[in-house]
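Undergrad: here is my input, please return the structure:
(2 chains)
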Amino acid sequence: MKTFEEKWTAWVDGELSGRELSEFEASLPDKAAAEAEKAGALKLGELLKRELSARTMTSEEFFSHQLRESVARLHETPGRKAPETRSAWWTIPRLLWTGAASLAVFLVFTVVVMREKNPAEESQYLTQILNARVDPVVSPNASVSIFEVKQDRVTVLWTEGLQSLPADYAAK
Amino acid sequence: MQTEATLAQADVSELDLIRRCQAGDTEAFDELVTRNRTRVFSMIYNMVHSEQDAWDLAQDSFLKAWKSIKRFRGRSSFYTWIYRIVMNVTIDWLRKKHVKGAGAEFDDATQLKEVDPASKTVPKAEALPYETMERGEIRTRIDQAIDQLSPEQRAVILMKEIEGMQYHEIAEALGCSIGTVMSRLFYARKKLQNLLRDVYENI
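TA: Residues are numbered from 1 along each chain as shown, chains lettered A, B, ... in the order given. The predicted structure follows:
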């Protein structure tokens, strides 16, 4: 079912015919006024066509040139984006590899440091003392005890009954 | 790049050009632009009334056409297809411009309230003898009258009266029904008849 506006437009443009046309024209309350309106609409169309069709573009070639450059830039853009696409490889596999490698380096470093650290905790001086034996002839009641606090790197050597300090106890 | 003359001599069909465009041939697209640029520019200019804006919008429209040329199925002419892009770009621009200008919203419903469908059009101003009106003045009056229409009404009346497009072609270009096209055409004509009667009656 067409609205009045649709029927009117079709009537002005000569798109109504047969029964539809006669029914529409019969429905018009003032046919003469409607005909005048239709004539006005057609004149309006002629005016618009005459006045607005004349517009031409200046610098047509430059228009095309500018557009060609824009299209060329569009084609360059995917090429520039290619490195970004490759860098996306970093996101999962390479990050995993980097993480694993970092962990391995950390473990190796830790082992090396721990190995170097352990001998240092037991000073050369202390080693000499522990390995030394008290001469039972010189000091029959002598005893040696040691206690240490590793975090403070403190080692205390407690000796009793020594009549003299063996020469090889001396620090170098 | 192939020149306009050589391509014209070759009488390359539009469909062939489109197929080449879809294969990435920029020269074929250049030829399509050459064939349609004046009509596209003219249409946009009549809607926005600014040469610079019309130029930019036409550039934007053709660029969008190039980007989406692979989606063109050939069910309509290239011109009708690109008109849809042109209308989307231009109507969108007009609406944004209107919002920035803080004016009343373009709305077809407003037109329904303003114009009684059964009303007769009457001249808004006293009739001026055509001879006394400069051609530029006529053009200015027409531009001012078109500015009173919503973007969709502008599009419809310009496609109908200037381009001579059929209702179904306009509907396709605007993505609406034929009934909507006819309704918009009705209100656009009524409004322009009110505003320009003194002009067209005295020519």
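Undergrad: where does chain A dip in pLDDT?
TA: A:54, A:77-90, A:117-134, A:165-172 (pLDDT under 70).
Undergrad: all strands of it, in order?
TA: Ranges of strands within chain A are A:143-149, A:154-160, based on DSSP state E.
Undergrad: out of those, which is closest to chain B?
TA: Distance to chain B, taken as C-beta to the nearest C-beta, is lowest for strand A:143-149 among the strands of chain A, at 75.6 Å. The C-beta positions use only the backbone N, C-alpha and C, and glycine is treated the same way.
Undergrad: as JSON lines, the strands of chain A with mean neighbour count would be great.
TA: Formatted as JSON lines, those follow (neighbours: other C-beta atoms under 10 Å in any protein chain shown):
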{"stretch": "strand A:143-149", "mean neighbour count": "12"}
{"stretch": "strand A:154-160", "mean neighbour count": "12"}
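Undergrad: mind putting the ones you listed in TSV, distance to chain B included?
TA: Formatted as TSV, those follow (distance: least, C-beta to the nearest C-beta, whole Å):
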stretch	distance to chain B
strand A:143-149	76
strand A:154-160	77
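Undergrad: buried residues in stretch B:75-82?
TA: Neighbour-count burial for stretch B:75-82, counted by 16 or more other C-beta atoms under 10 Å in any protein chain shown, picks out B:76, B:78, B:79, B:80, B:81, B:82.
Undergrad: and residue A:76, how many residues sit next to it?
TA: Counted by other C-beta atoms under 10 Å in any protein chain shown, the residues lying close to residue A:76 total 9.
Undergrad: for the buried residues of stretch B:75-82, which one is nearest residue B:176?
TA: Distance to residue B:176 across those (C-beta to C-beta) is lowest for residue B:80, with 13.9 Å.
Undergrad: what distance separates the host helix or strand of that closest one from the centre of its chain?
TA: Assigning secondary structure by DSSP states H and E places residue B:80 in helix B:78-100. Taking C-alpha atoms, centre = their mean, to the nearest Å, the mean C-alpha location of helix B:78-100 is offset from the chain mean by 9 Å.
Undergrad: likewise for stretch B:177-192?
TA: Computed by C-alpha atoms, centre = their mean, the chain-centroid distance of stretch B:177-192 equals 14 Å.
Undergrad: list the buried residues in that stretch.
TA: For stretch B:177-192, a neighbour-count test (16+ other C-beta under 10 Å) marks B:178-192 as buried.
Undergrad: out of the residues you listed, which touch chain A?
TA: Residues of these in contact with chain A (C-beta under 8 Å from any C-beta of the partner chain): B:179, B:182, B:183, B:185, B:186, B:187, B:189, B:192.
Undergrad: what sits against residue A:6?
TA: Residues in contact with residue A:6 (C-beta atoms under 8 Å, 6 or more residues apart in numbering or on different chains) are B:179, B:182, B:183, B:186.
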